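Novice: Structure of the sequence below:
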Amino acid sequence: MGSYLFFILPQQKISYRIPKKARVIFWLNGLFAFTIPFSLLFWGEKSVSAGLAGVLNGTVPLWAFILGAIFTPGREPIVFKKVSGLILGLVGVICIFLPKLAGELGVDPSLWGGFAITMMALSYATSSLINREIFSNYKQMHPFTNLFHQLVAGLVGLIILALMFEGIPDVNLWRPYSTVIWASLYLGVGSTCIAFMCFYHLIKVWGPIQATTVTYLVPAITLLFDVLLNHTVLKMNELLGLILVTLGVIILNLQIPNALRKIKKN
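Specialist: This is a model prediction of the structure:
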């Protein structure tokens, strides 16, 4: 993804440069945007179904609202509608985790996998709020410049973590298996590069709370493909959690039509 942007930026006449005083915050945000969530996602999905991972990924707007209210009070109005949506979404998260907590901790590995993916969503929410401050303070900078530097920082962080916990990869992993090549291309270019280019544009235009609402499409789409490809079926508590989380996020962000009008003006 970073290499793709490396060639895209000069073609679009977009500068790579960022202010020296802002480099630390840009690179630090790369850890929240890529290193932390990617590592937690891939570790968590070892014990959690793709459908459940999608449901938990859909909680990003809830955490963005909570963190925004705590660390940047006044930026987002706290009204009854938003609070009710937040409560509904959090109840959905509890519905998902409560049965796993009923037994002894550590017996059900999906508990820790689900917790890791929830922390992934929290990391994404943190990154969105940091990006709001970056876009607010550096309005003339193109969002893809921001994305490029965060990608580089995220890549360095992922390499360090991989070497620390996995060691040097086995030589057999470097063989050009067609499935690995196509999967890497899709994940790197499609679901990461193009997706994040769109996402960072939305953060600048909509703001972090509204932009993260795109994630409430993730649970439904993930569940659909999980059922079709893996024949996975959610448990009743997970299905109830999905419904509550989705409703909560929708209620939390009912002002999306206003954001769409802003995009048309721009």
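Novice: next helix or strand past the helix or strand hosting residue 7?
Specialist: Using DSSP states H and E, residue 7 maps to helix 2-11. Following helix 2-11 in sequence order, the next helix or strand is helix 23-30 (DSSP H and E).
Novice: Give me the helix or strand of the protein that scores worst on average pLDDT.
Specialist: The weakest-scoring helix or strand in the chain, judged by mean pLDDT, DSSP states H and E, is helix 256-265 (a mean of 45).
Novice: so who does residue 27 touch?
Specialist: Contact analysis of residue 27 by C-beta atoms under 8 Å, 6 or more residues apart in numbering lists 149-150, 152-153. For glycine as for every other residue, the C-beta is placed from the backbone atoms N, C-alpha and C.
Novice: can you give me the helices in the stretch 101-250 of the chain?
Specialist: Taking DSSP state H, counting those that start in this stretch as the test, the helices found in the stretch 101-250 of the chain are 109-137, 143-165, 178-185, 195-206, 208-211, 218-230, 236-252.
Novice: what's the least confident stretch among those helices?
Specialist: Lowest mean pLDDT within the helices of the stretch 101-250 of the chain: helix 208-211, at a mean of 65.
Novice: hmm, back to that, which pair of the contacts of residue 27 spans the longest distance?
Specialist: Farthest apart among these by C-beta to C-beta are 150 and 152. That separation is 7.4 Å.
Novice: Counting neighbours, which of the contacts of residue 27 comes out on top?
Specialist: Neighbour tally across the contacts of residue 27 (other C-beta atoms under 10 Å): the maximum, 27 neighbours, falls on residue 150.
Novice: quick one: the residue nearest to that residue when sequence neighbours are not counted from residue 127, how far?
Specialist: In space, and not counting its chain neighbours, residue 150 is closest to residue 30: 3.7 Å by C-beta to C-beta, 6 or more residues apart in numbering. When distance is defined by C-beta to C-beta, to the nearest Å, residue 30 is 9 Å away from residue 127.
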